[in-house]
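Enquirer: how would this look folded up:
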Amino acid sequence: MRTISATGDAGSPADQATVRRLNLGLLMRSLAAGGPRSRARLAEDTGLNKATVSSLVTELVDRGLVIEGIIQRHGVGRPGRTIEVNTGVVRCIGLELNVDYLAGVITDLTGRVLARHRLSLPMLELGPARAMGQVADLAAKLVTDCGATPDQVETLHLSLPGLIDIDAGVLAYGPNLHWRQVDVVHTLMGRLGWSGARIAVDNDANLGAMAEYASGPSAGSSNLLYLVGEIGVGAGMIIDGRIIRGATGFAGEVGHMPIGDPTVLCACGRRGCWETAVGMNAVIDAVSIKGDGLRECDMASRLAEIIRRAEAGDARTLKALAETGRVLGVGASVLANLLDPEVIIFGGHFAALQRYIEEAVTAEMRSRVLGGAVMACRLEFSTLGFEAPALGAAHAGIDTLINDPTLVVVSG
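Expert: Sure thing, here's the model as predicted:
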């Protein structure tokens, strides 16, 4: 499992407690990435001395983060037990709230999904207060479904579409939800009453990128661009192994690049935004016929019907999807020339429609990205499906604990 690197404060001298905390994180990252090993091998791999590793392992065991595994017998000398990540105690919840659904997963410390659930819900009708109630209910259900208890939950991260103030825990503006200044974190703290859980909120594209970095086919790619297609379009950018947030934390709102038809109004109030041409609503507008009920369906049903029409060879649908692919390729080429990523991963409905848009996306990018047919940037379509932001939310919590194991209270 890959983790996002922690950012240290290079300008401050490290005291003894800070050094120990950093070494605990180093050991946890080594175990998460490389699997079970003996204390001696961990000392060799991390560059720490054996006495330090033994002391750190004892503390990590006390915190419930690692356990002793099988006995290893190699050559001469006393056999030693392996040390491995403890999958039996800590639980991390990842949730995604979007315009017409709520989804969630609960995982162990290795990212293994223990339970998952998805609900179709009209968030515009519910409004922020009732929607947060649904989020809290889903979190509680996931805990019950996997046989855990609330005191095992160390982290809960919620994915939302829009501009997120992650430090304040606030959705500053969600244009497609029509929500402003929603205090997500404190609301969920009050609803759940889980005093031990660290609750956080982040943008759906950022968390989708984290999921791809942690467990997708291109896991560990240090320069990764994740483009998610839902009602809106967003980008999660990992550059040199770190999520790029920008000066105010709002980086990645690429759906509002002026690449669409300048006469078409976007939910943000501007005209000609990229998502007005390639977002899910744009696809529906292009393929629907009066009275077909396509606009009234949930996301999964809409996609299923669009794919059914495409498979049946419906000319209107195939033409619309080809144009979606072309304009998607135009915008992606701008981002490829700007960021020079190792890989661009298309998620959300872009991945679901891969068969019908990939050719147009690829052709457009080859004609526009510097390097043309030999461009280094790979194009991939996500295999994680619409679950990617929720998975990324769980992994964000795992990263928090692995990078700073002292956040987990010593048991008993």
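Enquirer: how many other residues sit next to the residue lying closest to A376 once chain neighbours are set aside?
Expert: Of all residues beyond its chain neighbours, the one nearest A376 is E342 (7.4 Å), with distances taken as CB to CB, 6 or more residues apart in numbering. Where C-beta positions appear, they are placed from N, C-alpha and C, glycine not excepted. Taking other CB atoms under 10 Å as the criterion, the count of residues near E342 is 15.
Enquirer: E342 contacts E380, correct?
Expert: No. Using CB atoms under 8 Å, E342 makes no contact with E380, being 10.5 Å away.
Enquirer: Overlap in contacts, the two.
Expert: Common contact partners of E342 and E380 (CB atoms under 8 Å, 6 or more residues apart in numbering): S218.
Enquirer: picking up where we left off before, how about the residue nearest to A376, what does it touch?
Expert: If you count contacts by CB under 8 Å, 6+ apart, E342 has them with 218, 221-224, 376-378.
Enquirer: May I see these arranged in JSON lines, with distance to L60 as well?
Expert: As requested, those are arranged in JSON lines below (distance: CB to CB, whole Å):
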{"residue": "S218", "distance to L60": "30"}
{"residue": "S221", "distance to L60": "29"}
{"residue": "S222", "distance to L60": "27"}
{"residue": "N223", "distance to L60": "32"}
{"residue": "L224", "distance to L60": "29"}
{"residue": "A376", "distance to L60": "40"}
{"residue": "C377", "distance to L60": "39"}
{"residue": "R378", "distance to L60": "37"}
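Enquirer: which of the residues you listed has the most neighbours?
Expert: Within these, most neighbours by other CB under 10 Å means L224, with 27 neighbours.
Enquirer: Report the beta-bridge partners for that one.
Expert: I238, V343 (DSSP bridges).
Enquirer: first to last residue in stretch 292-305, what's the distance?
Expert: Across its full length, stretch 292-305 reaches 10 Å end to end, with CA to CA, to the nearest Å as the criterion.
Enquirer: Next step: the contacts of E342 restricted to strands.
Expert: Mapping the contacts of E342 onto strands (DSSP state E) picks out 224, 378.
Enquirer: any chance of the contacts of E342 in JSON lines, with distance to D404 and pLDDT too?
Expert: Formatted as JSON lines, the contacts of E342 follow (distance: CB to CB, whole Å; pLDDT from 0 to 100):
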{"residue": "S218", "distance to D404": "26", "pLDDT": "92"}
{"residue": "S221", "distance to D404": "24", "pLDDT": "92"}
{"residue": "S222", "distance to D404": "22", "pLDDT": "91"}
{"residue": "N223", "distance to D404": "25", "pLDDT": "94"}
{"residue": "L224", "distance to D404": "24", "pLDDT": "95"}
{"residue": "A376", "distance to D404": "35", "pLDDT": "74"}
{"residue": "C377", "distance to D404": "34", "pLDDT": "86"}
{"residue": "R378", "distance to D404": "33", "pLDDT": "91"}
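Enquirer: Restricting to C-alpha, output the helix or strand harbouring V201 in PDB.
Expert: Here V201 sits within strand 198-203, counting by DSSP states H and E. Only the C-alpha atoms of strand 198-203 are listed here, as PDB (Å, rounded to 0.1, in the frame of the first residue of the first chain):
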ATOM      1  CA  ARG A 198     -10.600  12.300  13.900                       C
ATOM      2  CA  ILE A 199     -13.100  13.700  11.400                       C
ATOM      3  CA  ALA A 200     -12.000  15.600   8.300                       C
ATOM      4  CA  VAL A 201     -13.400  16.700   4.900                       C
ATOM      5  CA  ASP A 202     -11.800  17.000   1.500                       C
ATOM      6  CA  ASN A 203     -12.600  17.500  -2.100                       C
END
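Enquirer: what's downstream of it, the next helix or strand?
Expert: Defined by DSSP H and E, the subsequent element after strand 198-203 is helix 204-215.
Enquirer: Strand 198-203 and that following helix, what's the angle between them?
Expert: Put simply, helix 204-215 runs at 110 degrees to strand 198-203, going by axes from the mean of the first three to the mean of the last three CA atoms, to 10 degrees.
Enquirer: hmm, back to that, and the contacts of the strand holding V201?
Expert: Outside strand 198-203, the residues that touch it by CB under 8 Å, 6+ apart are 154-164, 166, 169-171, 184-185, 188-189, 192, 234, 236, 252, 393, 396-397, 400, 407.
Enquirer: pLDDT weak spots in this protein?
Expert: By pLDDT under 70, the weakly predicted segments of the chain are 1-14, 72-79, 372-375, 412.
Enquirer: please redo it, this time with the cut-off set to 80
Expert: Low-confidence regions of the chain, defined here as pLDDT under 80, cover residues 1-14, 70-80, 291, 293, 295-299, 371-376, 411-412.
Enquirer: Next, work out how far apart the nearest residue to M237 once chain neighbours are set aside and N223 are.
Expert: Counting by CB to CB, 6+ apart, the nearest residue to M237 once its immediate chain neighbours are dropped is I244, at 4.3 Å. Spatial separation of I244 from N223 under the definition CB to CB, to the nearest Å is 10 Å.
Enquirer: Which positions within the helix or strand hosting S367 qualify as buried?
Expert: Using DSSP H and E, S367 sits in helix 354-368. Of the residues in helix 354-368, those scored as buried under the neighbour-count criterion (16 or more other CB atoms under 10 Å) are 354, 356-358, 360-361, 364-366, 368.
Enquirer: Of those, which is the nearest to N176?
Expert: Sorting those by how near they are to N176, with CB to CB, puts I357 at the top with 21.1 Å.
Enquirer: what does the helix holding S367 contact?
Expert: Contact with helix 354-368 is made by 307, 310, 318, 321-326, 328-330, 332-334, 336-337, 346, 350, 372-373, 375, 377, 379, 381, as judged by CB under 8 Å, 6+ apart.
Enquirer: contacting residues around H395?
Expert: Taking CB under 8 Å, 6+ apart as the definition of contact, the neighbours of H395 are 1, 3, 92, 94, 107, 111, 210-211, 214-215.
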